[in-house]
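**Q** need a structure here:
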Amino acid sequence: MVGDLLLFSRIDAAASSAGASLERVDAPEELVAPHDVDLVLVDWSTRRDGWADALAGIRAGGRARIVLFGQHTDLDAHAAARSAGLGPMWARSRLVRELPSLVSDRA
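**A** So this is what the prediction gives:
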């Protein structure tokens, strides 16, 4: 769930390089069945009501690793991620730095 198309293109390129398949969705309810998902990347700074519960359900229902990311200065988002039991939230720079290993581990 990545709204920033430039960042999504970087994720897409990393996934393609690793031979992983990728699907972009706008909300947790658009995800395929949890048992069919290995990795969920979520721009937590754009979260909406209900996302925390839906993501917790995805985590409980399958093997998916969930990585929340956003602006490192968005302290409210960091606190919300921890409060929901989904944190810690990564800075976007960390996500970009770790993309190759994240997607290659899931390919």
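**Q** Please count neighbours and contacts with C-alpha atoms only from this point.
**A** Noted.
**Q** Can you give me the buried ones in the one helix or strand in the chain whose mean pLDDT sits lowest?
**A** Least confident helix or strand of the chain, by mean pLDDT, DSSP states H and E, is helix 51-61 with a mean of 82. By 16 or more other C-alpha atoms under 10 Å, the buried positions in helix 51-61 come out as 51, 52, 55, 58, 59.
**Q** what's in contact with that helix?
**A** When contacts are defined by C-alpha atoms under 8 Å, 6 or more residues apart in numbering, helix 51-61 is touched by residues 27, 28, 29, 34, 35, 64, 65, 66, 81, 84, 85, 86.
**Q** Among those, which are located in strands?
**A** 65, 66 (DSSP state E).
**Q** In the protein, where is pLDDT below threshold?
**A** Applying pLDDT under 70 to the chain flags the ranges 32-35, 105-107.
**Q** Now do the helices in it.
**A** Using DSSP state H, the helices of the chain run over residues 5-18, 51-61, 75-83, 92-104.
**Q** Nearest to residue 42, out of those helices?
**A** Closest to residue 42 of the helices of the chain, according to C-alpha to C-alpha: helix 51-61, at 9.4 Å.
**Q** circling back to that earlier point, just put the contacts of helix 51-61 in a markdown table and tack on distance to residue 43 and neighbour count.
**A** Converted to a markdown table, the contacts of helix 51-61 look like this (distance: C-alpha to C-alpha, whole Å; neighbours: other C-alpha atoms under 10 Å):
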| residue | distance to residue 43 | neighbour count |
| --- | --- | --- |
| 27 | 10 | 16 |
| 28 | 11 | 20 |
| 29 | 15 | 13 |
| 34 | 18 | 18 |
| 35 | 21 | 13 |
| 64 | 16 | 18 |
| 65 | 14 | 15 |
| 66 | 11 | 19 |
| 81 | 11 | 19 |
| 84 | 15 | 14 |
| 85 | 16 | 13 |
| 86 | 13 | 18 |
